[in-house]
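Asker: below: sequence and its predicted model.
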Amino acid sequence: MQAPTIGGVSVPRGDGSTVIRVRRGSSLMDFADKINADPAALVTVLIHLGEMATATQSLDEDTFKLLGAELGYDVQVVSPEEEERELFDSFNIDLEIGVDNEEEENLQPRPPVVTVMGHVDHGKTRLLDAIRNADVGSGEAGGITQHIGAYQIHKEHEGVDRAITFIDTPGHEAFTAMRARGAKVTDIAILVVAADDGVMPQTIEALNHAQAADVPIVVAVNKIDVEGANPSKIRQQLTEYNLIAEEYGGDTMFVDVSAKEGRNIDELLEAVLLTADAALDLRANPDRDARGVAIEANLDKGRGATATVLIQSGTLHVGDAIVAGSAYGRVRAMLDEHGTPVEEAGPSRPVQVLGLSSVPRAGDTFVVAPDDRTARQIAEKREAADRQASLAKSRKRISLEDLTEALAQGKVDTLNLILKGDVSGSVEALEDALLQIDVGDEVDLRIIDRGVGAITMNNINLAMASDAIIIGFNVRAEGQNAEYAEREGVEIRYYTVIYQAIEEIEAALKGMLKPEYEEVELGTAEIREIFRSSKFGNIAGSIVRSGEIKRGAKARITRNGVVIAENVEIAGLRRFKDDVTEVREGFECGINLGSFNDLQVGDLIATYEMREKPRA
């Protein structure tokens, strides 16, 4: 290795093929350690490349690639999946799930995991109610499912009692992230389409998620009992999206159902089991340590941190040490969907787990660790990696050229938010939706903290320190916390339906934008004659051609279509001998333009005002 001088500093250089692997969210200091360089020297190199960064600041992949290319290194940023695999390999824990990774004799059949997807208000929750005879819909705010739930039901198929696991994903468009995750853990998707409404934007969105995850789809054409229902139209519409019904020669099963009347529910379950048997190899090894996904998690007052997990492989037992995301703990108890305690849960079984140290995020993978100490170490390393990744994500890159411009324009306005919700899936979906609000570069939205559970004193103190607004989604600040927030002037907004939160935050962001003005023409007048006055100067005898001419308005003078004067004020306005404030179209008047006297017959006086443009 040679040490070239860049900007007066010596930096070790690679030969162009030297591979340097850095973890996502690493800083210049981490990179400097790997190439045995001085971090300050790397800061100088970045400045020469037009990038600003401190030695301890997390960098994104593009910046590392740029720096590597300059110094002769092939910088590879380790993906989250690789990072996770390397972490578990270091603890000798096998993360692989699937039929291919198991010995054939160890595999046993497992129930299919079914996700119910579709457009809002097409009857997904009602259909699940009909399937499991429980009323979830009436307990949801605005009738919209705000959380993910998982349930297992039993159905007799060809003389055998078969279990089917259902995952209910929220229908509102903001829950794209959660629905996408539902498709990742699922085996079969039931696409619910209302027979009276047809294919809608979220129907297509749900369909895309399922197809991207390569999941077989069964279509439930719901609301066939409603007037105007046209199930055959739904079949025709979905042929555009490569879902061709069996009766049209395709391989997708369509079932016409009425969730309200409970019609054809058995046929739908039959279709799910037939699709599972025909298209999928649903087997897993129950005799190994459990692996799976946290579908939902929340903070329960009496039970502490709880997580709904779906076991994908192995069997989870009470007493196992587990890691779910950055949360760890020993399984104190497990409950099924009816709240009944269970001692063990096998593949495709959803259970609520008690005993975690903190609330994991929806979608976090969970594994059984050999002991508590290993579980804690894995959780801590995961948390550190997450923290670095989020720092890298939130870093705003700014080049030297942009810096001068940013300083000249003044500081960018920022709206700081703290999100608290009752379950982690809702918090994540809300964050995802808020960060997609686009109001240009003038205003910045930053989510400085997020969490599950009631609004605490710490949240309020952080909001005071950072001038943030606290968003409470299905949670509140109570007792002395609420009084403290009110006393300190911390604004807390409470919501139970997610799109209300999105609309209000968007309105607040638009309110922070500097007003934009547009010119609105008020009226035009043509000069017919010019009168000389020793007291007032030239008076333009004019006729109003359009709109109205107002005293005090700004005017533009044009001669033969060419502007000869801008920003002239209508100083006086007379009709006959009377002073007036405005003259309308078709009437004659005398116009005094103050000190501007360069007037000719035929000139056009156009008056205008600047009005604030409403934000789109």
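Answerer: Sure, I can see it.
Asker: host element of the closest residue in space to residue 495 that isn't next to it in sequence?
Answerer: Excluding its sequence neighbours, the residue lying closest to residue 495 (C-beta to C-beta, 6 or more residues apart in numbering) is residue 501, at 4.2 Å. For glycine as for every other residue, the C-beta is placed from the backbone atoms N, C-alpha and C. Element membership of residue 501, judged by DSSP states H and E, is helix 498-512.
Asker: contact partners for the nearest residue to residue 600 once chain neighbours are set aside?
Answerer: Nearest non-adjacent residue to residue 600, counting by C-beta to C-beta, 6+ apart: residue 559, 6.5 Å away. Contacts for residue 559 (C-beta atoms under 8 Å, 6 or more residues apart in numbering) come out as 600, 602-604.
Asker: distance of the residue nearest to residue 495 from residue 430?
Answerer: Noted for residue 501: a distance of 6 Å to residue 430, by C-beta to C-beta, to the nearest Å.
Asker: shared neighbours, the two?
Answerer: Jointly contacting residue 501 and residue 430 under the rule C-beta under 8 Å, 6+ apart are 471, 473.
Asker: more neighbours, those two?
Answerer: Higher neighbour count among residue 501 and residue 430: residue 430, with 27 against 22, using other C-beta atoms under 10 Å.
Asker: secondary structure element holding that one?
Answerer: In the assignment (DSSP H and E), residue 430 maps to helix 424-435.
Asker: tell me the mean pLDDT over that helix?
Answerer: Mean per-residue pLDDT for helix 424-435: 84.
Asker: cool, and stretch 297-316?
Answerer: pLDDT averaged over stretch 297-316 gives 86.
Asker: in CSV, list the C-alpha atoms belonging to it.
Answerer: Taking C-alpha atoms only, stretch 297-316 is exported to CSV below (Å, rounded to 0.1, in the frame of the first residue of the first chain):
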residue,chain,number,x,y,z
ALA,A,297,-46.4,-6.1,19.8
ASN,A,298,-47.7,-3.8,22.5
LEU,A,299,-47.2,-2.7,26.1
ASP,A,300,-49.8,-4.1,28.5
LYS,A,301,-50.3,-2.4,31.8
GLY,A,302,-50.6,-5.6,33.8
ARG,A,303,-48.4,-7.9,31.6
GLY,A,304,-45.6,-5.6,30.4
ALA,A,305,-44.2,-6.0,26.9
THR,A,306,-46.2,-8.6,24.9
ALA,A,307,-45.7,-9.8,21.3
THR,A,308,-47.9,-11.8,19.0
VAL,A,309,-45.5,-14.1,17.2
LEU,A,310,-46.0,-16.5,14.3
ILE,A,311,-43.8,-19.6,14.6
GLN,A,312,-42.5,-20.5,11.1
SER,A,313,-40.2,-23.5,12.1
GLY,A,314,-39.6,-25.4,15.3
THR,A,315,-41.6,-25.4,18.5
LEU,A,316,-41.6,-22.6,21.1
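Asker: report the buried residues of it.
Answerer: Judged by neighbour count using 16 or more other C-beta atoms under 10 Å, the buried positions of stretch 297-316 are 297-299, 305-316.
Asker: next: stretch 250-266.
Answerer: 252-260, 263-265.
Asker: ok so, going back, write the ChimeraX selection for whichever of the contacts of residue 559 are buried.
Answerer: Per 16+ other C-beta under 10 Å, the buried members of the contacts of residue 559 correspond to this ChimeraX selection:
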select :603,604
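Asker: possible to save the contacts of residue 559 as CSV with pLDDT, distance to residue 416 and secondary structure?
Answerer: Converted to CSV, these look like this (pLDDT from 0 to 100; distance: C-beta to C-beta, whole Å; DSSP: H, G, I helix; E, B strand; the rest coil):
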residue, pLDDT, distance to residue 416, secondary structure
600, 90, 59, coil
602, 92, 59, coil
603, 93, 54, coil
604, 94, 51, strand
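Asker: format the contacts of residue 559 as JSON lines; extra columns: distance to residue 539.
Answerer: Output for the contacts of residue 559, formatted as JSON lines (distance: C-beta to C-beta, whole Å):
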{"residue": "600", "distance to residue 539": "14"}
{"residue": "602", "distance to residue 539": "16"}
{"residue": "603", "distance to residue 539": "13"}
{"residue": "604", "distance to residue 539": "17"}
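Asker: from the contacts of residue 559, which single one is nearest residue 202?
Answerer: Using C-beta to C-beta, residue 604 comes nearest to residue 202 of those, at 54.1 Å.
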